[in-house]
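>>> sequence plus predicted model, see below.
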Amino acid sequence: MDDSILLKYDGRAPRYTSYPTAPHFGGGVGAEQYAAWLAALAPETTLSLYLHIPFCRSLCWFCGCQTTVANRYEPIAGYLRSLHREIDLVCGRLGGHRPVSHVHFGGGSPTLVANADFRHLLDHLREHFVFAEDAEIAIEIDPRAFDPAQAAVLAAAGVNRASIGVQDFAPRVQEAINRVQSLETTARALDDLRTYGIERISLDLLYGLPYQTPDGIEETAAMAAELGPDRISLFGYAHVPWMRPHQRLIEEDVLPDTTERLALYRAAAGMLTRLGYVEIGIDHFARPGDALALAAADGNLVRNFQGYSDDGAPALIGFGASALGTLPQGYVQNAPKVPEYRRALRDGELATVRGIAISNDDRLRREIIVRLMCDLTADLPRIAARFGADPACFEESLRALAPIEQDGLIHIEDGRITVVPEARPVVRTVCAAFDTYLASNKARHSLTI
Ligand SMILES: C[S@@+](CC[C@H](N)C(=O)[O-])C[C@H]1O[C@@H](n2cnc3c(N)ncnc32)[C@H](O)[C@@H]1O
Ligand code: SF4
């Protein structure tokens, strides 16, 4: 396929980690609504838990996460006190001991939490929830702030998956993003985790960074694969300085343009697939026997705020500043800034500040978008029937897709839309045709490719 056709459909579109997407959450849903939604959850509902730790030792200039630099431990210790309070409050609303299939510690850098405090946090969760025997307990790791003693503590606490931030191994790229991290540092983190039995490991890579070249990123991809992780993420760098002003420290004239981004993505993705990884969705790679690859092959992959997952829990409870939650009734988000979050909890209140209640039409469109993002195909009549909707409701979406179909990026047969493999980089644009909120909000998104 000619690159010019793909580039025609590049643009700014959401990453669809939810539908409706976060810019459409509003103040109409707050603590009171969240409390009512929690109380209404059926007792047998399996939960997924997310705990956000918004602290880092230093700031990477590319970072799009909600985080701050902590030079002392006290802000982290104080934040943890609020987190414990929030767990108590949420569990008070839930009542009983709810089943949990998945726990994710994200950030920021959760490994900045002191070993004793991390143990205490997991103990507290186990007091309130019933973890499934095979529950996945995952943590994001900055290998520059990690040591064998921490690996031992994580393993003893039941952590069984780790994702490690790498981005790129080339020194020139690392310097340009203020993230200098040697291959030895990364390799040591993997060794430490494996020594203590944490074998499920993924590495995060980025394309679209300053000074990246196709040859260089191929080398980074090969080095990452050589470390033997079962998963590798290859995220497109989201340059959103209007949301993350520190990204202005990266000069825009050294950022690759869209044509170059496409070449970088192709070079890294090509190397990873040649080395035996299966490409999943828009930005994941996994070894063929990995649970994510199996879920993708069986049509059981899901998309949530953490990206792709094989965790089918119908509700996600988020703890911490900026944490997002998904309930059958809708989405919620906590106060994004730590002081505001802590103030709510000090006052004995939930910290929910935004959210959205979802309608049947939202659920229907969400299912289409999730299937497209996960499987690159969606059977519109079947999905419409599942939600009791008239397939005629897709007329406008299909009209928007007509030029994309004419250009050969998608096929539509008996109402089933299939994105051709070469058009994977622009699947978000295909999803956007089903997004009825997009036109109603001026939110700016990152580049599709
Ligand atoms: C919370 S960080 C990972 C853990 C740890 N803080 C670290 O950096 O090693 C999660 C990942 O998000 C990705 N990320 C951060 N900022 C991004 C951006 N602006 N665009 C795309 N991905 C980004 C990076 O790949 C990063 O490793
Ligand atoms: S990429 Fe990770 S370590 Fe760097 S600032 Fe963001 S959250 Fe912190």
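Perfect, I can see it now. Ligands and ions are numbered 1, 2, ... in the order given.
>>> got phi/psi on residue 173?
The phi/psi pair for residue 173 (degrees, to the nearest 10) reads phi -70, psi -40.
>>> no no, residue 63
phi -60, psi 130.
>>> show me what contacts it?
By CB atoms under 8 Å, 6 or more residues apart in numbering, the contact list for residue 63 reads 56, 244, 246-247. For glycine as for every other residue, the C-beta is placed from the backbone atoms N, C-alpha and C.
>>> just the buried residues of those residues.
Neighbour-count burial (16 or more other CB atoms under 10 Å) applied to these gives 56, 244, 247.
>>> which one of the residues you listed is nearest residue 84?
Residue 84 has its nearest neighbour among the buried ones among the contacts of residue 63 in residue 56, at 21.4 Å by CB to CB.
>>> wait, residue 427 touches residue 279, no?
No - with contacts defined as CB atoms under 8 Å, residue 427 does not count as touching residue 279, sitting 11.8 Å away.
>>> which residue of those two possesses the greater neighbour count?
Taking neighbours as other CB atoms under 10 Å, residue 427 and residue 279 compare with residue 427 leading, 23 against 18.
>>> so the more buried one is in which element?
In this assignment (DSSP states H and E), residue 427 forms part of helix 427-432.
>>> show me what that helix is packed up against.
Counting contacts by 3 or more CB pairs under 8 Å, 6 or more residues apart in numbering; DSSP states H and E, helix 427-432 is packed against helix 360-375, helix 395-406, strand 416-419.
>>> ok, now which ones touch residue 350?
Neighbour list for residue 350: 31, 34-35, 86, 89-90, 93, 344 [criterion: CB under 8 Å, 6+ apart].
>>> let's verify the residue in the stretch 151-300 of the chain positioned nearest to ligand 1: helix, strand, or coil?
Proximity of the stretch 151-300 of the chain to ligand 1 (CB to the nearest ligand atom) peaks at residue 165, 2.1 Å away. Under the three-state scheme (DSSP: H, G, I helix; E, B strand; the rest coil), residue 165 adopts strand.
>>> tell me, how many residues neighbour the residue lying closest to it once chain neighbours are set aside?
In space, and not counting its chain neighbours, residue 165 is closest to residue 204: 5.0 Å by CB to CB, 6 or more residues apart in numbering. Residues lying near residue 204 (other CB under 10 Å) number 19.
>>> repeat for residue 157
Close neighbours of residue 157, defined as other CB under 10 Å, add up to 18.
>>> how much space between the nearest residue to it once chain neighbours are set aside and ligand 1?
Once flanking residues are discounted, residue 157 sits nearest to residue 122: 4.5 Å by CB to CB, 6+ apart. Between residue 122 and ligand 1 the computed distance is 18 Å (CB to the nearest ligand atom, to the nearest Å).
>>> equivalent analysis for residue 362, please.
According to CB to the nearest ligand atom, residue 362 and ligand 1 sit 26 Å apart.
>>> thinking again about what came up before, want to throw the helices and strands packed on helix 427-432 into TSV with distance to residue 17, mean neighbour count and mean pLDDT?
Output for these, formatted as TSV (distance: least, CB to CB, whole Å; neighbours: other CB atoms under 10 Å; pLDDT from 0 to 100):
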stretch	distance to residue 17	mean neighbour count	mean pLDDT
helix 360-375	9	20	96
helix 395-406	20	14	94
strand 416-419	18	20	96
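>>> as JSON lines, those with distance to residue 328 would be great.
JSON lines is the format used below for these (distance: least, CB to CB, whole Å):
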{"stretch": "helix 360-375", "distance to residue 328": "9"}
{"stretch": "helix 395-406", "distance to residue 328": "25"}
{"stretch": "strand 416-419", "distance to residue 328": "26"}
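>>> of these, which is nearest residue 298?
When the helices and strands packed on helix 427-432 are compared by CB to CB, helix 360-375 sits nearest residue 298, at 10.1 Å.
>>> now do that closest one against helix 395-406, angle only.
For helix 360-375 against helix 395-406, the angle by axes from the mean of the first three to the mean of the last three CA atoms, to 10 degrees is 20 degrees.
>>> distance from the chain centre to helix 360-375, please.
When distances are taken as CA atoms, centre = their mean, to the nearest Å, helix 360-375 is centred 17 Å away from the chain's centroid.
>>> just stretch 193-208 next, same as before
15 Å.
>>> near ligand 1 at all, it?
Yes - interface with ligand 1: stretch 193-208 contributes 204, 206 (CB under 6 Å from any ligand atom).
>>> need the mean per-residue confidence for that stretch.
Mean pLDDT, computed over stretch 193-208, is 98.
>>> buried set for it?
Neighbour count says stretch 193-208 has 193, 196, 198, 200-208 buried, by 16+ other CB under 10 Å.
>>> does the longest strand along the chain come close to ligand 1?
With secondary structure taken from DSSP state E, the chain has its longest strand at strand 129-141. Yes - Strand 129-141 lies within reach of ligand 1 by CB under 6 Å from any ligand atom, at residue 140.
>>> wait, residue 333 touches residue 324, no?
Yes - assessed by CB under 8 Å, residue 333 is found in contact with residue 324 at 5.0 Å.
>>> between the two, which contacts overlap?
22, 318.
>>> find me the pLDDT at the residue nearest the centre of the chain, would you?
Taking CA atoms, centre = their mean, the centroid of the chain lies closest to residue 306, which sits 2.5 Å from it. With respect to pLDDT, residue 306 scores 88.
>>> which residues are in contact with the closest residue in space to it that isn't next to it in sequence?
Leaving out its chain neighbours, the residue that sits closest to residue 306 by CB to CB, 6+ apart is residue 104, at 5.8 Å. Taking CB under 8 Å, 6+ apart, we find residue 104 in contact with 48-51, 138-139, 306.
>>> same thing but at 7 Å, please
Counting by CB atoms under 7 Å, 6 or more residues apart in numbering, residue 104 makes contact with 50, 138, 306.
>>> check contacts around the second one.
Neighbouring residues of residue 138 by CB under 7 Å, 6+ apart: 104, 161-163.
>>> now the residue of the stretch 1-150 of the chain found nearest ligand 1: phi and psi?
Using CB to the nearest ligand atom, residue 64 is the residue of the stretch 1-150 of the chain that sits closest to ligand 1, at 2.9 Å. Main-chain dihedrals, residue 64, degrees, to the nearest 10: phi -110, psi 0.
>>> how about the helix or strand containing residue 154 and ligand 1, any contact?
Residue 154 is part of helix 148-156 when elements are defined by DSSP H and E. No - applying CB under 6 Å from any ligand atom, one finds helix 148-156 separated from ligand 1 by no less than 13.4 Å.
>>> which elements pack onto that helix?
Taking 3 or more CB pairs under 7 Å, 6 or more residues apart in numbering; DSSP states H and E as contact, the helices and strands that helix 148-156 lies on are helix 115-128, helix 183-195.
>>> what do you get if the cut-off is 6 Å, keeping everything else the same?
Helix 148-156 is packed against helix 183-195, with contacts defined by 3 or more CB pairs under 6 Å, 6 or more residues apart in numbering; DSSP states H and E.
>>> what element comes up after the helix it packs on heading to the C-terminus?
Later in the chain than helix 183-195, the nearest helix or strand by DSSP H and E is strand 200-207.
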